[in-house]
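J.: Structure, please.
(2 chains)
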Protein chains: 2
Amino acid sequence: MSFEETLNLTMLADFYELTMANGYLEGGLENRIAYFDIFFRKIPDKGGFAIMAGVEQVIRYLDKLQFNEEDIAYLRSKELFSEKFLQYLSKFKFSCDVWMVPEGTPIFPHEPILTVRGPVIEAQFIETMLLLTINHQSLIATKANRIVRAAEGRPVMEFGSRRAQGYDGAIFGARASYIGGCVGTACTLAERDFNIPAFGTMAHSWVQMFPSELEAFRAYAQTYPYDCVFLVDTYNVLKSGVPNAIKIFDEELAPRGIRPKGIRLDSGDITYLSKQARKLLDRAGYPDCKIVASNSLDEYIIRELLVQGAKVDSFGVGERLITSKSEPVFGAVYKLAAIEEDGVMTPKIKISENVEKLTNPGFKQVWRFFDRETGKAIADVITLANEEIDESRPYELFDPSHTWKRKRVTNFHARKLLVPAYVKGKCVYDIPDLKTVRAYCQEQVDTLWDEVLRFENPHTYYVDLSKALWQLKEDLLAEYLIK
Amino acid sequence: MSFEETLNLTMLADFYELTMANGYLEGGLENRIAYFDIFFRKIPDKGGFAIMAGVEQVIRYLDKLQFNEEDIAYLRSKELFSEKFLQYLSKFKFSCDVWMVPEGTPIFPHEPILTVRGPVIEAQFIETMLLLTINHQSLIATKANRIVRAAEGRPVMEFGSRRAQGYDGAIFGARASYIGGCVGTACTLAERDFNIPAFGTMAHSWVQMFPSELEAFRAYAQTYPYDCVFLVDTYNVLKSGVPNAIKIFDEELAPRGIRPKGIRLDSGDITYLSKQARKLLDRAGYPDCKIVASNSLDEYIIRELLVQGAKVDSFGVGERLITSKSEPVFGAVYKLAAIEEDGVMTPKIKISENVEKLTNPGFKQVWRFFDRETGKAIADVITLANEEIDESRPYELFDPSHTWKRKRVTNFHARKLLVPAYVKGKCVYDIPDLKTVRAYCQEQVDTLWDEVLRFENPHTYYVDLSKALWQLKEDLLAEYLIK
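T.: Numbering: from 1, shown residues only, chains lettered A, B, ... in the order given. Next up, the predicted model:
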């Protein structure tokens, strides 16, 4: 049984989801249909885009959603909920419709990345887990993608389990890192359960366990002749580590015609040490021996190392990836967009003194426009769900805040980003394998212009509203102001 | 079955723990005894101390440690490990000795907070999970304690599940927050499994679900007359939220003689709004109605609010607590301290070009010295494990880096911080209930001088070495330099 299969996460919900649920039932609102959107407002690290991740875990959660006897007994002991509600929970069966942006898709602020439609009690209850799952994995996938892009084609491995925030911080963090473009992880469980390649050879303690570094390397080479990546910084990289590694390559591998895999630098001045180590290895006849670096790295340090000409072939990235240290929160929110009674939909808007916190009302779709010539993404347009976009005619984009800013696009392909995941509680989403998700992510990131991919001052990708949605929003605002 | 009981975390290990383990077995080192210490080097947020947490989860992990058939089959498929090793794993039984600093204890850099002694394969293998568990919970307990101290006696609730880094980021984060001093959590599962009080009433969506704010509050009061905490910022706090709350208190609660519990502010200028709301509530005859604030808070903002005279009675703290946003990594490490062969112990030291990274060699104990008169903690002294401290005689403390700095202490009580947790693989640690851990934490933090508790430029608490340990370290360094 995989780690994930053992999880029962139904009760991982904010307590107010339950007080509200009981309140809706008591108030006779159990048949009220609600529409909720997940969206985020700010891209971590001031980047140009984020990566959608966690979709598969949302599905695993929804598919297993049910309250067992222990849950009911605990809730009853609170003496806060009606017996009718406890009965309701014991028969709870998820029946909502859900639309999601596929895992690995670049996503932008303010656009719905997941929409739930269904009975208000159900649609409200799942808020905490949906946010938690998507916030966590999107955060790490986005960070991983930044780090992988900084490495400019050199493999990046996720090495952060020991500094992760909890067990599935490590496990699903490894998963999200892989989606974002890492080639693998140090986390064994992530390979067993998700087929993410696991890497690792030795710690400093291995080297210390033997009378000398040379003996430690020799013992390793004798056990793993085809997998020698020696950690060379336990004593002194250039005076001891690299010379000893070369000696063992010469004595243990060369006679058997085996090429060494690499050496790893885990401390000190990586630029200087890697350049010197490269020279020593080349001179000794091992130009194909890779140099791995792994000391408190992130996208900024990797970029610096490469600018300085560090001779590093691959990177192991730990705490700054697995916690997204520079910005450890992905702030997606779950907001009411509409309600439906007797088949009549009423769009809802959340007003705030803070203009960025204004929500987009109604049941919506997100369209990504691609230029047919370049294949590049031009803009996203949020429309009402029942709008269609006619690719055969020019489409006028306009900035929802500065409506005089307009752009007419032709020769485009428009793709719906929100795809059906659940229909009346039944999963209709075909979960792709993780390798496919990772390849799709790479391919979609490649549709973005370089200006959006930048780390510093990226271009703000256009997320516009259709005329109909813009008008609806204006109307609701006017209505609110009259009140 | 609790969430925790369902977890099988044996395979949550860095892959190199397995390559090394197989290497030790192949190299005939399986009977080698190793001593590993966990310690950390830097206190998060430049604080004066950290809080030990995660001890109970370390025990749950060690007690369940075993490789099942699926694990073995997966490892076999890697074609990297010997059949002898896979056999070894399938019969794996933890047999180490473990000492730990009790959960809730203030801890300081460089002192061992957990020591493992046992066969090298076992002692090495558990590294990842021990670090992950202690790093995560100590991080959050330390942050929670800062936030709770900033609130100066006002209750602080942990509200961050939706922004946590993964499921047990939320669950064990709620647990660690409680140890650090929070009064409760929004996480329902944390109450079901750990008896941590769960709080929560309504979200903005509740208010939006009704035709008006007034009707939303009325419906809530009718369902929960004794638990009314109204969220008052959906439309306009002072013009709508608070007046509507008062109206419902008057109409629904007062006639039944029920006092309202509170109102919650979740946006805007908390200082200004809370002062004005307080006036409105007082004037309406509700001076006992509490004001809860919950918008992107942390210790710095809470302190600022209180300095500005905000009328807030309790705080709900979310993302900045559950991820320890300002410093999301607790960097504890797991280092070899000694090896033992045929009953002879050889202390080990890890040299580094970076002086802070030098380790303390040998099998050790940590003593905390308390002044018998004031009850305050004076200093910690790391000794060799077989040293005893005679309280009846003056003890000379000295700074291990600046040995001329000396201090003679008398009339002290010295307590061993590392207590036995496992003896030959058997747990001997009596796990206290969480309330007891929380009370112990509070009591122990109270033994620290105010200068250590400060947020800005706290006094560096003394962590000294015994003469014997200091001499051993000097000798090993000299020996290394001769080489």
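
J.: Share the number of residues neighbouring A:E215, please.
T.: Using other Cβ atoms under 10 Å in any protein chain shown, A:E215 is surrounded by 15 other residues. Every C-beta, even on glycine, is put in place using the N, C-alpha and C of the backbone.

J.: Now do the SS call for it.
T.: helix (DSSP: H, G, I helix; E, B strand; the rest coil).

J.: For A:R256, see how far away it is.
T.: Distance check for A:E215 against A:R256: by Cβ to Cβ, to the nearest Å, it reads 19 Å.

J.: now swap in A:D250 and tell me
T.: Relative to A:R256, and taking Cβ to Cβ, A:D250 is found at 11 Å.

J.: before we move on, what about A:A219?
T.: Taking Cβ to Cβ, one finds A:A219 at 16 Å from A:R256.

J.: Compare those two (neighbour count), which wins?
T.: Set A:A219 next to A:R256 and count neighbours by other Cβ under 10 Å: A:A219 wins out with 22 against 9.

J.: Now the residue nearest the centre of chain A: phi and psi?
T.: The centroid of chain A falls nearest to A:S138 when counting by Cα atoms, centre = their mean (2.5 Å). Main-chain torsions, A:S138, degrees, to the nearest 10: phi -70, psi -40.

J.: neighbours of the residue in the stretch 151-300 of chain A that chain B sits nearest to, just the number please.
T.: In the stretch 151-300 of chain A, the residue that lies nearest chain B is A:G200 (3.2 Å; Cβ to the nearest Cβ). A:G200 has 23 neighbours, counted by other Cβ under 10 Å.

J.: From what I see, it and A:G184 are in contact.
T.: No. Taking contacts as Cβ atoms under 8 Å, A:G200 lies outside contact range of A:G184: 9.5 Å.

J.: helix/strand/coil for A:I248?
T.: When classified by three-state DSSP, A:I248 comes out as helix.

J.: Any part of the least confident helix or strand in chain A by mean pLDDT near chain B?
T.: When each helix and strand of chain A is scored by mean pLDDT, DSSP states H and E, helix A:3-6 comes last, with a mean of 76. Yes. Remark: helix A:3-6 sits within contact range of chain B at A:F3, A:T6, by Cβ under 8 Å from any Cβ of the partner chain.

J.: outside of that helix, which residues touch it?
T.: With Cβ atoms under 8 Å, 6 or more residues apart in numbering or on different chains as the test, helix A:3-6 has contacts from A:Q57, A:R60, A:D168, A:I171, A:L189, A:D193, B:T6, B:L7, B:N8, B:L9, B:M11, B:L12.

J.: would you say the fifth one is within a helix?
T.: Yes. Applying three-state DSSP, one finds A:L189 inside a helix.

J.: residues contacting it?
T.: A:F3, A:A170, A:I171, B:L9, B:M11, B:L12, B:A13.

J.: Looking at the contacts of helix A:3-6, which is nearest A:S82?
T.: B:T6 (29.4 Å; Cβ to Cβ).

J.: now the helices for the stretch 201-350 of chain A?
T.: A:204-209, A:213-223, A:242-248, A:270-283, A:299-307, A:319-322 (DSSP state H, counting those that start in this stretch).

J.: How much space separates the residue nearest to the centre of chain A from A:W449?
T.: 21 Å.

J.: Perfect, I'm done here.
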